[in-house]
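Novice: generate coordinates for the sequence data below:
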Amino acid sequence: MNLLRIDSLAMQTAAGWKYLGILLAGSALYGLAFGFWRSPLQAVYSAFKMPLLFLSTNAASGTANAMLSQVLGAGLSFRQVFLSITIGMAMAAALLGALSPVALFFSMQSPVTSAAYPWVLLGHTTLIGLCGTVGMVRLHDLLSSLTAIPSRLLATWFLVSGFTGCQLSWILSPFLAMPDRPVPFFNPVRIFGQLLRIPVAHARWRNMKVKLILPSLIEAESPLWRPIKYSLFPPLGLATLAGFLSPDDEAEIVDQHVQTLNTNDTPDIVAIQVYITNAYRAYTIADEYRKKGVFVILGGLHVTSLPAEATQHADTIFLGPAEEAFPRFLEDYRNGRPAKRYASKTRTLVGLPPLRRDLIDRNLYLVPNSIIVSRGCPHQCTFCYKDSFYKGGKSFYTQPIDAVLEEINRLPGRHLYFLDDHLLGHEMFAQELFSGMRGMNRIFQGAATVSSILKSNLIERAAEAGLRSIFVGFETLNQDNLKQSNKAHNLESDYERAIHRLHDLGIMINGSFVFGLDSDDSSIFSRTVDWAVNMGITTSTFHIATPYPGTEFYKQIKSEGRMLTENWNHFDTRHVTFKPMRLNMEQLQSGYDQAYRDFYSWNSILRASLFHGSAKHQLKHFFYTAGWKKFEPLWNMAIHMKKLNLMTPLLEGVLSRITKQADGSGTRPAKLLKESTL
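Specialist: Numbers count the residues shown, from 1 in each chain. I've put the predicted structure just below:
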């Protein structure tokens, strides 16, 4: 062909078809190799997609360069310009097709990472620009009527051929994408955003697929694992972040405690919430996605405590609460310049978008109507993990009341569970909340401190609004332990009076207790269980004191050389991770295990039930406690059938209101242990 003159229209057309065939064959072969590193299905798909992208580039570059030729007076017709572009694109496709075995080999050895992707794309753009220029020179050899090519045309031909086709291919790629939306072949955002750090408007035109993952805690694999314990509440933190996405973005939430995690997909962004006991699993998931070039972000309590550790497994990390930082990240990501680290500049819940509850399967949770209306806690206990999470800014703040009431009205049914660390922590907010909830016919559960229960008439207002069960952090029966833990709000508090006040209002109590603090001896376990049973505590949650990274307790134990391990899988409050002061490791572990067995024995459940003054109240206590711990097969069946929500009406029935005035009671045993109790 190079020895013939193709001045005639017929010969130009024949040459065009020939080079077009080379373009299609070469680009399909390269697409096959390029897609194989994702999956065989992606390879087949890319073999069809790549020719379409090359054709779009050919059309766009041909049109742009034909107009350019007219402006620069090159004397070329539109047909001749399109022929030259086709020749250049065919050369590019043939070259890439020839290199496809090499690309296939390297992709199988080490898939393209997000960090290397901009360079790959820049290389493709440069290649197309060069081949477009070569096509012009090749056309000069074939056309007898053309005697010279203006140098300024050659100088601009390269830029127009590469950039114009690249841009059009980028715009078209979402319409050509598979359901899992693979990363586009031509991506100027990566080139000009990540390499040159300047925003490109086209980034805003492309919808994203974002996958938000809550990896299961390591204790979920324990033979002692109770599936119901991890099927209570949906991951509201991830649903909050999903609310910041564009309506056109595709979002998915996967809670590995109740769902199967499939990592064969390739979303644009994977966001993973990291706790200390799911950290290793979270890192494994993150590394797997990053190997495929997916952009991974990590956030949560553990990331904030140990950012240097988390950075090794993420493209971007978030420190502290993310309500303000996540929208900034999305803006930066769409502009091609995401930062490595984000921390909240201001802490507020004003203007939050509604949670994406549509991404949550309500059938998988016993309490799908969980809600969070505040962040943090006004107290700073030395062993509390969340104290370090809010360091550097406000540690306690609330949503606007109107927004809270709107969220409650959107939730179906009657039952709610407030997951706030301290629902009564801001008295004015709590008063307005309970006033707004009166008349809604809701029943709800929450958490509070002993001091807030005894303060003013706030707990009565809560009961009138529908409070039926409350989590109370008693933590310890020893004053010295309270001082060590900086739990000043419990010091000198009258535990007995708080308990009687709650029982008189028909509010059940879930008491929290910590073992292994410095003043605890071997008698602490039996004394605590006896006290809780004799006081009619409905359910109890026992913990082994755990020095979480970032807490004052961790710093103390570390400085004293008492740390036994930093294997985060053991930091679940069920394992001994440090040397106790007045107990040995075996005593602490066995005493903790025995406390659970003793408190939830049939004898203890019956004794605690009889604390109450009426048969109705006694039955309510008995069935609530027994139902929670003694009917595991029933819970497991509901979980496996994915119909756990069908148990919610039963929960609502057990939480029905019983008050001192309603049942006529007023006398109850007041047996208290004297030594080391409050």
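Novice: roughly how far does residue 548 sit from residue 428?
Specialist: Distance, residue 548 to residue 428, using Cβ to Cβ, to the nearest Å: 31 Å. Heads up, the C-betas are built off the backbone N, CA and C, glycines and all.
Novice: so the two - more neighbours on which side?
Specialist: The neighbour comparison of residue 548 against residue 428 (other Cβ atoms under 10 Å) goes to residue 548, with 22 against 9.
Novice: ok, that one - contacts?
Specialist: Residues near residue 548 by Cβ atoms under 8 Å, 6 or more residues apart in numbering: 276, 305, 383, 385, 388, 554, 571.
Novice: just give the closest residue to the fourth one, not the sequence neighbours.
Specialist: This points to residue 385. Take residue 385 and drop its neighbours on the chain: the residue closest to it by Cβ to Cβ, 6 or more residues apart in numbering is residue 548, 4.2 Å away.
Novice: cool, the fifth one as well?
Specialist: The shortest distance from residue 388 to any residue other than its chain neighbours is 3.2 Å, reached at residue 550 (Cβ to Cβ, 6+ apart).
Novice: likewise for the second one?
Specialist: On the basis of Cβ to Cβ, 6+ apart, the spatially nearest residue to residue 305 that is not a chain neighbour turns out to be residue 550, at 3.6 Å.
Novice: OK, contacts around the one you found?
Specialist: By Cβ under 8 Å, 6+ apart, the contact set of residue 550 is 304-306, 385, 388-389, 391.
Novice: quick one: least confident of these?
Specialist: The member of these with the lowest pLDDT is residue 385, at 71.
Novice: what number of residues lie near residue 417?
Specialist: Other residues within reach of residue 417, judged by other Cβ under 10 Å, total 21.
Novice: shouldn't it be in contact with residue 368?
Specialist: No: with contact defined as Cβ atoms under 8 Å, residue 417 does not count as touching residue 368 (9.4 Å).
Novice: quick one on the thing from earlier: how close does the residue nearest to residue 305 sit to residue 566?
Specialist: 13 Å.
Novice: helix or strand: which one has residue 342?
Specialist: If you go by DSSP states H and E, residue 342 is part of strand 341-343.
Novice: assign the residue nearest to residue 305 to helix, strand or coil.
Specialist: coil (DSSP: H, G, I helix; E, B strand; the rest coil).
Novice: distance of it relative to residue 557?
Specialist: Counting by Cβ to Cβ - residue 550 and residue 557 are separated by 13 Å.
Novice: swap in residue 337?
Specialist: Using Cβ to Cβ, residue 337 is found at 41 Å from residue 557.
Novice: these two: which is more packed in?
Specialist: Neighbour comparison, residue 337 and residue 557: the larger count goes to residue 557, with 20 against 17 (by other Cβ under 10 Å).
Novice: tell me the SS of that one?
Specialist: helix.
Novice: can you confirm residue 210 is in a strand?
Specialist: Yes: Residue 210: assigned to a strand according to three-state DSSP.
Novice: so it bridges to which residues?
Specialist: With DSSP bridges as the criterion, residue 210 is bridged to residue 251, residue 269.
Novice: which residues are in contact with residue 363?
Specialist: Per Cβ under 8 Å, 6+ apart, neighbours of residue 363: 642-645.
Novice: so what pLDDT did it get?
Specialist: Confidence for residue 363, expressed as pLDDT, is 88.
Novice: now swap in residue 647 and tell me
Specialist: Predicted confidence (pLDDT) for residue 647: 78.
Novice: roughly how far does the residue nearest to residue 388 sit from residue 313?
Specialist: Residue 550 sits at a distance of 18 Å from residue 313 (criterion: Cβ to Cβ).
Novice: what about residue 318, which SS state?
Specialist: Under three-state DSSP, residue 318 falls in the strand class.
Novice: and the one 3 residues further on, by the same measure?
Specialist: When the structure is reduced to helix, strand and coil (three-state DSSP), residue 321 reads as coil.
Novice: neighbours of it, how many?
Specialist: Using other Cβ under 10 Å, residue 321 has 24 other residues around it.
Novice: could you work out the end-to-end span of stretch 254-272 for me?
Specialist: Distance across stretch 254-272, first residue to last, is 10 Å (Cα to Cα, to the nearest Å).
Novice: buried sites along the strand or helix carrying residue 526?
Specialist: Secondary structure assigned from DSSP H and E places residue 526 in helix 524-534. Applying a neighbour-count criterion of 16 or more other Cβ atoms under 10 Å, one finds 524-525, 527-534 buried in helix 524-534.
Novice: tell me the confidence at residue 454?
Specialist: pLDDT, residue 454: 90.
Novice: surely it touches residue 498?
Specialist: Yes: taking contacts as Cβ under 8 Å, residue 454 lies within contact range of residue 498: 5.4 Å.
Novice: what's the spacing between the residue nearest to residue 388 and residue 306?
Specialist: Applying Cβ to Cβ, the value for residue 550 to residue 306 is 8 Å.
Novice: just residue 393 next, same as before
Specialist: Separation of residue 393 from residue 306 (Cβ to Cβ): 19 Å.
Novice: wait, what's in contact with residue 440?
Specialist: Contacts of residue 440 (Cβ under 8 Å, 6+ apart): 408-409, 465-466.
Novice: check for me that it belongs to a strand.
Specialist: No: under three-state DSSP, residue 440 sits outside any strand and is assigned coil.
Novice: pLDDT weak spots in the stretch 251-400 of the chain?
Specialist: Under the criterion pLDDT under 70, no range of the stretch 251-400 of the chain is flagged.
Novice: need the strands for it, in chain order.
Specialist: For the stretch 251-400 of the chain, the strands defined by DSSP state E, counting those that start in this stretch occupy 269-273, 295-299, 316-319, 341-343, 370-371, 374-376, 396-398.
Novice: just put those in a markdown table and tack on mean neighbour count and distance to residue 633.
Specialist: Formatted as a markdown table, the strands of the stretch 251-400 of the chain follow (neighbours: other Cβ atoms under 10 Å; distance: least, Cβ to Cβ, whole Å):
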| stretch | mean neighbour count | distance to residue 633 |
| --- | --- | --- |
| strand 269-273 | 26 | 31 |
| strand 295-299 | 25 | 37 |
| strand 316-319 | 23 | 40 |
| strand 341-343 | 17 | 45 |
| strand 370-371 | 20 | 25 |
| strand 374-376 | 22 | 37 |
| strand 396-398 | 19 | 41 |
